[in-house]
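1. I'll drop the sequence and a predicted model, then ask my questions.
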Amino acid sequence: MIPETLRKPLILIAEDDCDLGELLVFSLRRRGYRALVATDGRAALNAAFEHKPDLILLDLMLPILHGYEVCRLLKSSPALAHIPVIIMTALVTTENKVKGFKLGADDYLTKPFAMPELIARMNALLTRHKRRNAPVEFADL
């Protein structure tokens with residue numbers, strides 16, 4: 001088994017646009033991430049429970065189960081609530097953004113977006129999450 005400190009972060013991409021999903025997988029793997037895609041809301045939830053990703057990229061306009069509902073269910077699950085979620089969507093109104101944050105999203109990125117910005121946001125969330133969950137070390141007295 002690979003030690004946690006050496007394991008590459010796993011990113012779950014919930015995206016129904018197959019071309020964008022493939023582009024994200026390619027871009028993330030090129031940067032050293034592991035990535036998997038779910039093309040509808042139910043599949044995204046199932047993949048999150050099965051794989052326990054390090055971060056979720058969540059489109060809102062998903063078939064079967066809307067991204068808002070996926071976010072709500074993820075953040076209400078004790079097993080998954082700690083996983084950072086970045087909503088990435090074409091829904092750009094303030095109301096959409098506020099709703100996403102109220103449902104527990106950690107970040108909100110509107111489409112189209114630049115890959116360097118997405119990577120920067122992902123890295124910031126992954127770093128914060130890692131620090132938050134790191135064991136506390138006490139200095140010698």
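-> Sure thing, it's come through. The structure presented is a predicted model; accordingly, all values stated were derived computationally and were not measured. Numbering: from 1, shown residues only.
2. show me where pLDDT drops low in the chain?
-> Within the chain, the segments meeting pLDDT under 70 span 1-6, 133-141.
3. state the distance from T110 to R30.
-> 23 Å (CB to CB, to the nearest Å). Yep, even glycine has a C-beta here, placed from its N, CA and C like the rest.
4. between the two, who's got more neighbours?
-> Per other CB atoms under 10 Å, whichever of T110 and R30 has more neighbours is T110, with 14 against 9.
5. my guess is that one contacts V92, does it?
-> Yes. Using CB atoms under 8 Å, T110 is in contact with V92, at 4.8 Å.
6. and for those two, which residues touch both?
-> By CB atoms under 8 Å, 6 or more residues apart in numbering, T110 and V92 have no common neighbours.
7. where's the residue nearest to the spatial centre of the chain, which helix or strand?
-> Geometric centre of the chain, nearest residue: I56, 1.6 Å, by CA atoms, centre = their mean. Assigning secondary structure by DSSP states H and E places I56 in strand 55-58.
8. which helices and strands sit right next to that strand?
-> Secondary-structure packing of strand 55-58 (3 or more CB pairs under 8 Å, 6 or more residues apart in numbering; DSSP states H and E): strand 10-14, helix 41-51, helix 67-76, strand 85-89, helix 115-133.
9. who touches it?
-> Residues contacting strand 55-58 (CB under 8 Å, 6+ apart): 9-15, 24, 44, 48, 67, 70-71, 74, 83-88, 105, 118, 122, 125-126, 129.
10. quick check: bridge partners of the residue nearest to the centre of the chain?
-> L12, V85 (DSSP bridges).
11. that one and E95: what is the separation?
-> 22 Å.
12. quick one: end-to-end length of stretch 101-108, please.
-> 8 Å (CA to CA, to the nearest Å).
13. check which residues of that stretch are buried.
-> If you call a residue buried by 16 or more other CB atoms under 10 Å, then stretch 101-108 has these buried ones: 103, 105-108.
14. mind picking the two most distant members of those residues?
-> Greatest spatial distance among the buried residues of stretch 101-108 (CB to CB): L103 and D107, at 12.7 Å.
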